[in-house]
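>>> Turn this into a structure:
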Amino acid sequence: MRRSRVRVVALVVGAVLLAPGVAACGKSQRWCELDRGDVLVENWHCEQNQPGYEWEPDHDKPKSKKKPIKTKKH
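Just a heads-up that it's a prediction; the model follows:
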């Protein structure tokens with residue numbers, strides 16, 4: 001009886017930890033923005049190809065960090 005309770009708890013904990021990762025896989029990695037000011041809007045604007053709206057992908061962020069400015073030693 002005690003072992004079955006431990007298994008149930010382990011399964012529940014595992015499901016809770018895995019659920020957000022599985023849910024994130026199905027999410028769209030893009031969103032619709034108004035070009036003027038990059039305002040986030042509902043997706044139907046981009047789905048209907050309305051002028052002034054465009055899809056923004058998640059991967060358009062800079063991939064490298066800026067290098068720190070080196071100071072000269074005297």
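
>>> what does the host helix or strand of residue 40 contact?
Using DSSP states H and E, residue 40 sits within strand 39-41. Strand 39-41 is contacted from outside by 31-34, 53, using CB atoms under 8 Å, 6 or more residues apart in numbering. Using the backbone N, CA and C atoms, a C-beta is placed for each residue, glycine as well.

>>> Just the element for residue 49, please.
In this structure, residue 49 is located outside every helix and strand according to DSSP H and E.

>>> Would you mind measuring from it to residue 57?
Taken as CB to CB, to the nearest Å, the spacing of residue 49 relative to residue 57 amounts to 17 Å.

>>> Same check on residue 71?
Shown here: residue 71 relative to residue 57, a distance of 37 Å by CB to CB.

>>> now the strands: where do they sit in the chain?
With DSSP state E applied, the chain shows strands at 30-34, 39-41, 53-57, listed in chain order.

>>> re earlier: partner strands of the strand holding residue 40, parallel or antiparallel?
Partner strands for strand 39-41, per DSSP bridges, with pairing direction: strand 30-34 (antiparallel).

>>> List the contacts of the strand it pairs with.
For strand 30-34, with CB under 8 Å, 6+ apart as the criterion, the contacting residues are 39-47, 52-58.

>>> Kindly recompute the last result at 10 Å.
For strand 30-34, the surrounding residues in contact (CB atoms under 10 Å, 6 or more residues apart in numbering) are 39-47, 50, 52-60.
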